[in-house]
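J.: Need a 3D model of the sequence below.
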Amino acid sequence: MIICLHLHVASVVRSHVGAVARSHVAPVARSHVAPVARSHVAPVVRSHVGAVVCSHVGAVVCSHVGAVAKSPYHGDDDDDDGDDEDHIYPIPYQVQL
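T.: Numbering: from 1, shown residues only. Have a look, this model is predicted:
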């Protein structure tokens, strides 16, 4: 009896909740949420996130990676103590094992 009740409740939930979601929630999402996302969220993402990525990540890449690439010496932190003072050698003679 409990199994039959469980199966009946599950089928009712699937049929009614699914139908309500398809008929009411999906159209509202398409008509209200999607236009708001396109008109409000997307421009904010493009203007703010894009600007942050360009200014912060670009600056970090230019300053850190550029400085390492321009430096004639590059350290290797063999003992993992946070400094690069273990072995300093010119980049052209660096050998990767």
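J.: longest helix anywhere in this structure?
T.: helix 2-20 (DSSP state H).
J.: Show me what the mean pLDDT comes to for the next helix or strand after that one.
T.: Using DSSP states H and E, the helix or strand that directly follows helix 2-20 along the chain is helix 26-28. For helix 26-28, mean pLDDT is 81.
J.: immediately after helix 26-28, which helix or strand?
T.: Once the chain leaves helix 26-28, the next helix or strand it forms, by DSSP H and E, is helix 34-36.
J.: do you know how far residue 7 is from residue 13?
T.: Distance, residue 7 to residue 13, by C-beta to C-beta, to the nearest Å: 11 Å. Where C-beta positions appear, they are placed from N, C-alpha and C, glycine not excepted.
J.: Just the terminal-to-terminal distance for stretch 29-43.
T.: Taking C-alpha to C-alpha, to the nearest Å as the measure, stretch 29-43 stretches 19 Å from start to finish.
J.: ok, residue 19 - contacts?
T.: By C-beta atoms under 8 Å, 6 or more residues apart in numbering, no residues touch residue 19.
J.: separation between it and residue 8?
T.: 16 Å.
J.: Can you list the low-confidence ranges for this structure?
T.: In the prediction, the chain carries residues with pLDDT under 70 at positions 1, 61-97.
J.: Return the longest helix of the chain as CSV; C-alpha atoms alone will do.
T.: Extracted in CSV, the C-alpha atoms of helix 2-20 (Å, rounded to 0.1, in the frame of the first residue of the first chain):
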residue,chain,number,x,y,z
ILE,A,2,2.8,2.4,0.9
ILE,A,3,4.7,1.6,-2.3
CYS,A,4,1.5,2.2,-4.4
LEU,A,5,1.0,5.5,-2.6
HIS,A,6,4.6,6.5,-3.1
LEU,A,7,4.4,5.7,-6.8
HIS,A,8,1.2,7.6,-7.2
VAL,A,9,2.5,10.7,-5.4
ALA,A,10,5.7,10.6,-7.5
SER,A,11,3.8,10.3,-10.7
VAL,A,12,1.4,13.2,-9.7
VAL,A,13,4.4,15.3,-8.7
ARG,A,14,6.2,14.6,-12.0
SER,A,15,3.1,15.3,-14.1
HIS,A,16,1.8,18.4,-12.3
VAL,A,17,5.0,20.1,-11.3
GLY,A,18,6.6,19.4,-14.7
ALA,A,19,3.5,20.8,-16.5
VAL,A,20,3.4,23.9,-14.3
